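Q: need coordinates for the below:
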Amino acid sequence: MIEWKHAGLDCGLLNGKHGSTQGYIAVQQGHPLHGMTEEQIASEHGSLPRFKYAGDLHEDGRWWLGFTIAPARVKPPEGECRQEIDFVADRVAMLGRDAQ
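A: Residues are numbered from 1 along each chain as shown. I've put the predicted structure just below:
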C-alpha cells in the first residue's frame, strides 16, 4: 500500500488482490467514524462515499475506512486516485472537526 498524510489523516492507495483499485483513510479514536461499520456510516453519513471496508488494521488504534476507486482491470493513473482519496479525506476530516 502507498501511504501519505492529507488533511491530518493517514491515507492509502492499494491495488486489491482481485485487481480493483482501493482507497483507504484512517481515523483515530475520538473521530465520529471510528469504530463504525460500513452500514452505520452509510445510514448516518450518506453524503460520504460508500465505504466497502471499515476495520482496525493497526495496533495503534487507527480505524481504516476503505472504498473502491476503480473496478478490476481498470487502472486509473496514481495521481487521479490520490486526488480522489484526498477529496474523501477532506470530507472525513471536516466531519471530525464538526464533531468537536
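Q: what's the neighbour count on Gly23?
A: Gly23 has 24 neighbours, counted by other Cβ atoms under 10 Å. (C-beta placed from N, C-alpha, C; glycine too.)
Q: which residues in this structure form strands?
A: For the chain, applying DSSP state E gives strands covering 2-6, 9-15, 21-27, 53-56, 63-70.
Q: deepest of the ones you listed, which one?
A: Between those, strand 21-27 has the highest mean count of neighbours, a mean of 23, where neighbours are mean count of other Cβ atoms under 10 Å.
Q: can you give the strand pairings for it, parallel or anti for each?
A: When pairing is defined by DSSP bridges, strand 21-27 lines up against strand 9-15 (antiparallel), strand 63-70 (antiparallel).
Q: how about that strand as PDB, C-alpha atoms only?
A: Extracted in PDB, the C-alpha atoms of strand 21-27 (Å, rounded to 0.1, in the frame of the first residue of the first chain):
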ATOM      1  CA  THR A  21      -8.000   0.000  -7.000                       C
ATOM      2  CA  GLN A  22      -8.900   0.900  -3.500                       C
ATOM      3  CA  GLY A  23      -8.500   4.000  -1.300                       C
ATOM      4  CA  TYR A  24      -8.100   3.900   2.400                       C
ATOM      5  CA  ILE A  25      -8.400   6.600   5.100                       C
ATOM      6  CA  ALA A  26      -7.600   6.100   8.800                       C
ATOM      7  CA  VAL A  27      -9.300   7.900  11.700                       C
END
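Q: contacting residues around it?
A: 1, 9-16, 33-34, 52-53, 57-58, 62-70, 74-76, 81, 84-85, 88-89, 92, 96 (Cβ atoms under 8 Å, 6 or more residues apart in numbering).
Q: 7 Å instead?
A: 9-16, 33-34, 62-70, 75-76, 81, 84-85, 88-89, 92, 96 (Cβ atoms under 7 Å, 6 or more residues apart in numbering).
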